[in-house]
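1. Pasting a predicted model and its sequence here:
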Amino acid sequence: MRAKHAGGADFLTQVLAVARAVGEAVPVIVNDRVDVFLAARRLGAPVAGVHVGQSDLPAAVVRELIGDGAYLGLSAAAPEELRAAQEEDVCDHVGIGVVRATATKADSPPGLGVHGVSRLAACIDLPCVAIGGVTAADLPALRAGGLAGAAVVSAICRADDPREAAQQLREAWEARP
């Protein structure tokens, strides 16, 4: 879950509502806000982990705060960031991107494209998820390129029928390129 412009209390309310609605069926990962993750967990919500970026708290510190039982993801867009994630040995997955410019992150680095993301994913032994501007058309090639998944926002949230969009994304992921 991501809410870049929400205050802590509002974001916590959203995380609690979503986590309770999906229960254990869907892992809820809180983006950037370790404090919100910890508060939600303290309040009994089934939150699975945290995903942080390069300018957030260091991944090793986040791991200490959230413990070994929670997922920890880290965004990376360059080979040196991937090497650091591998060497720290505290992350469960890496979000690589952006695939292309996205309206949900105005300060994103230049788009790497599907092939650029796949090339970076091949450089690390952690599960990798494509992030940023991912569309259904990208998914077969990302999966074929070794990615473990993709994180999407706009493809679902901006769709006329979000449920149908999510289904199309799933079908695209499962398709062969």
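-> Structure's in. What do you need? Numbering: from 1, shown residues only.
2. residue boundaries of the helices in this structure?
-> 8-22, 34-42, 59-66, 79-88, 113-121, 139-144, 154-157, 162-174 (DSSP state H).
3. Ser108 and Val18, how far apart?
-> Computed with Cβ to Cβ, to the nearest Å, the distance linking Ser108 and Val18 is 24 Å. C-beta coordinates here come from the backbone N, C-alpha and C atoms, glycine included.
4. Specify which residue of the two has the higher count of neighbours.
-> Ser108 (19 against 16; other Cβ atoms under 10 Å).
5. surely the more buried one meets Gly95?
-> No - in this structure, Ser108 is not within contact of Gly95 by Cβ atoms under 8 Å, at 11.5 Å.
6. ok, the residue nearest to the spatial centre of the chain - contacts?
-> Geometric centre of the chain, nearest residue: Ala151, 5.2 Å, by Cα atoms, centre = their mean. Counting by Cβ atoms under 8 Å, 6 or more residues apart in numbering, Ala151 touches 95, 129-131, 134.
7. can you do 7 Å?
-> By Cβ atoms under 7 Å, 6 or more residues apart in numbering, the residues touching Ala151 are 95, 129, 131.
8. what about the second one, neighbour count?
-> When neighbours are defined as other Cβ under 10 Å, Val129 has 22 of them.
9. One more: Arg170?
-> 12.
10. got it, and the one 4 residues further on?
-> Other residues within reach of Glu174 by the criterion other Cβ under 10 Å amount to 10.
11. ok, Pro51 to Ala76 distance?
-> No, residue 51 isn't Pro; it's His. 11 Å.
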